[in-house]
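Enquirer: Pasting the sequence and the predicted model now:
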Amino acid sequence: MPNVLAISGSLRAASSATAVMEALIGLIGDRATVSRADIGAVPHYNADHDGGPGAKAFIAAVSAAQGVLIVTPEYNYSIPGVLKNAIDWASRPGYNSVFKGKPVFLVTTSAGALGGVRAQAAVKQVMTAMLADVHQCPEVVVPQAVAKTIEGRFADQATLDFAAPHLAAWLARLG
Ligand SMILES: Cc1cc2nc3c(=O)[nH]c(=O)nc-3n(C[C@H](O)[C@H](O)[C@H](O)COP(=O)(O)O)c2cc1C
């Protein structure tokens, strides 16, 4: 049973990205043991410090995971700072971090019509810098994610039906 670390790029309590992440965790079901990263507990990156318990827990969670599921909104055409900050902590030592070779399944969301497609490219660039292994499949983007989140639950079955076979293929690779 592989360990999957799920990361939402939004800290907002009513986050649509987190709702999508929870729906995908539901799809994973009993095919993996899933834990959720607390990137809000990770301090600002500072190479003069060791990051304390928040950064250490995040790095350990990435290390322990056979796969990392990232669901993030797009902020200003890119990665939310809180997510980039956590990733930066886990990116050292360069080219030999806990992300090296790590299978990653990426989903982006937005309140608007584009589903965070520009953030797809931004996250992939960062993952490439760390030599992470982003699952290659048609991009899973979720437009109008806020409207599709009803009472805290992501409610768009068509999105889940699209993502399901790609997620299954990724899970099968985790062993
Ligand atoms: C700082 C900030 C920047 C944003 N930039 C974008 C953007 O570049 N593209 C986009 O489609 N939506 C953008 N949005 C709107 C988000 O898609 C929307 O706020 C969404 O609900 C955030 O995800 P969440 O529901 O998971 O918190 C931005 C929102 C914030 C707060």
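Expert: Okay, I see it. Numbering: from 1, shown residues only.
Enquirer: Going by C-alpha atoms from here, please, whenever you check contacts or count neighbours.
Expert: Noted.
Enquirer: Now do the strands in the chain.
Expert: Assigned strands in the chain, in chain order: 3-8, 33-36, 67-73, 103-109, 133-134, 140-142, 149-150, 153-154 (criterion: DSSP state E).
Enquirer: closest one to the ligand among those strands?
Expert: The minimum distance between the ligand and the strands of the chain falls on strand 67-73, with 4.7 Å, by CA to the nearest ligand atom.
Enquirer: quick check: angle from that closest one to strand 3-8?
Expert: Interaxial angle, strand 67-73 versus strand 3-8 (axes from the mean of the first three to the mean of the last three CA atoms, to 10 degrees): 10 degrees.
Enquirer: Next, the angle strand 103-109 makes with strand 67-73.
Expert: Angle of strand 67-73 versus strand 103-109, following the same axes, to 10 degrees, is 10 degrees.
Enquirer: Looking at strand pairing, list the partners for Asn3.
Expert: Beta bridges link Asn3 to Thr33, judged by DSSP bridges.
Enquirer: Distance check, the closest residue to Val98 other than its chain neighbours against the ligand.
Expert: Of all residues not flanking Val98 in the chain, Ser63 sits nearest, at 5.1 Å (CA to CA, 6 or more residues apart in numbering). Going from Ser63 to the ligand by CA to the nearest ligand atom, to the nearest Å gives 25 Å.
Enquirer: What score does Ser63 have for pLDDT?
Expert: If you check Ser63, the pLDDT there is 98.
Enquirer: and it, how many neighbours?
Expert: Neighbours of Ser63 under the rule other CA atoms under 10 Å: 18.
Enquirer: what separates it from Val107, distance-wise?
Expert: 21 Å (CA to CA, to the nearest Å).
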